[in-house]
Every structure is written in C-alpha cells, then in structure tokens.
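Q: Below are the sequence and a predicted model for it; my questions follow.
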Amino acid sequence: MGLAGERLAEALLFKMLCSKIEQRRNEMKRFITCLALAGLLFAGNAFADRVQYVPDIVVTAPGAVWTDSRQYADLDAAIVAIGTTPTTLVITQNIDVDSGPETIHANTTLQFRNGAMIVLDDGETLVINGHVDAGPYQIFDNSDDPTDFDNVTFGITTGLSPNSVAYPEWW
C-alpha cells in the first residue's frame with residue numbers, strides 16, 4: 001500500500017471517528033434534555049404542596065352583571081334578589097324551586113354549568129321567559145316524577161334573545 005492508500009485509509013478512519021463523535025454528541029444532548037425535563041417535573045411536584053389556591057369568587061352585589069346560584073337558598077330567593085336588573089344567573093350546582101310555580105323573567109339569563117340542575121319536586125312548575133344558556137346535558141331534575149315533562153315551559157320573551165333551541169337532554 002502506497003502513500004496514497006495510507007492517506008485514504010486515514011481519511012476514512014477520521015471520517016468514521018467524526019461520525020461517532022457526532023452520534024455521541026447527539027446522544028448526550030438528548031440525555032441532558034431528558035435530565036432537565038425530569039428535574040423540572042421533580043421540582044414541580046416538590047413545590048406542589050406550597051401552591052396557594054384561591055377559592056371561587058361568588059358575586060353577591062345587587063345589580064351585578066352575573067350572579068352565582070350558590071349564594072341563594074333556592075331559585076325563588078335568586079329571582080327576588082335579581083328583580084328587574086338584566087342579569088345572568090349562573091347555575092353552578094343544583095338549586096331547588098321553593099314551591100309552586102316559579103317564573104324566570106325576561107331580564108334573566110340562566111347559564112348552566114354541566115352537572116348543575118334546577119330541581120323540581122312533584123307538582124312544582126317553572127316558566128322561563130328569559131334565555132337559557134346550556135349545552136345538550138340535563139339541566140332540569142324532576143326525579144320525583146321522571147315522566148312529567150310539562151313542568152317546565154318556555155314563555156315569550158321580549159327585549160332579550162329567546163331560545164332558538166331546547167335540547168331533549170335538558171330533561
């Protein structure tokens with residue numbers, strides 16, 4: 001093997017070594033990245049017990065743009081408190097109709113969180129003249145008589161958007 005052959009062999013060996021070094025460098029980068037991510041996860045878990053959580057804010061001010069149903073003993077108390085002020089009543093947990101017929105006025109929008117319902121006992125009725133904001137999930141609980149679907153009726157609204165849809169899942 002002559003000088004040219006030796007130089008060619010050296011060049012090939014050098015290229016192979018450079019390739020191996022580059023492979024090791026990439027492996028090291030991946031290892032360091034994984035190590036850093038694991039450190040962040042560990043640090044996050046280590047300080048999780050020190051995080052301060054703020055409880056839900058319940059709006060109670062008269063004349064508020066929206067109010068939380070948890071503030072009231074029953075639906076009647078919420079409707080009386082709202083009065084004629086245009087308000088969105090956010091139903092965040094089950095709320096009972098106090099007794100007898102209950103009317104939601106046109107100035108009130110009922111906005112339901114999934115899983116929260118208006119509970120109607122046997123013989124109680126609800127007339128909704130305002131807007132209902134809810135997805136296709138149950139919002140009326142008439143478990144005293146599950147076959148009674150006429151205990152909730154929708155009246156004619158004036159001044160506010162009437163419901164363009166009522167899902168069967170609401171019952």
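A: Here it is on my side, so go on. Note that the coordinates shown come from a computational prediction; the quantities given were computed from them, not determined experimentally.

Q: end-to-end on stretch 119-131?
A: According to C-alpha to C-alpha, to the nearest Å, stretch 119-131 extends 18 Å from its N-terminal end residue to its C-terminal end residue.

Q: what's the next secondary structure element after the one helix or strand R25 maps to?
A: Secondary structure from DSSP states H and E places R25 in helix 3-46. Note on helix 3-46: by DSSP H and E, the next helix or strand toward the C-terminus is strand 66-68.

Q: Okay, buried residues for that next one please.
A: Applying a neighbour-count criterion of 16 or more other C-beta atoms under 10 Å, one finds T67, D68 buried in strand 66-68. C-beta coordinates here come from the backbone N, C-alpha and C atoms, glycine included.

Q: list the helices and strands that strand packs on?
A: helix 75-82, strand 87-91 (3 or more C-beta pairs under 8 Å, 6 or more residues apart in numbering; DSSP states H and E).

Q: Most tightly packed of the ones you listed?
A: Between the helices and strands packed on strand 66-68, the one whose residues have the most neighbours on average, counting mean count of other C-beta atoms under 10 Å, is strand 87-91 (a mean of 21).

Q: tell me, how many neighbours does S99 end up with?
A: 11 (other C-beta atoms under 10 Å).

Q: And C34, by the same measure?
A: Residues within reach of C34, counting by other C-beta under 10 Å, total 10.

Q: picking up where we left off before, could you name the helices and strands sitting against the helix holding R25?
A: For helix 3-46, the packing partners by 3+ C-beta pairs under 8 Å, 6+ apart come out as none at all, with no helix or strand in contact.

Q: chain center to that helix: distance?
A: Computed by C-alpha atoms, centre = their mean, to the nearest Å, the chain-centroid distance of helix 3-46 equals 45 Å.

Q: ok, now stretch 108-123?
A: In terms of C-alpha atoms, centre = their mean, the centre of stretch 108-123 is found 17 Å from the chain centre.

Q: Great, nothing more from me.
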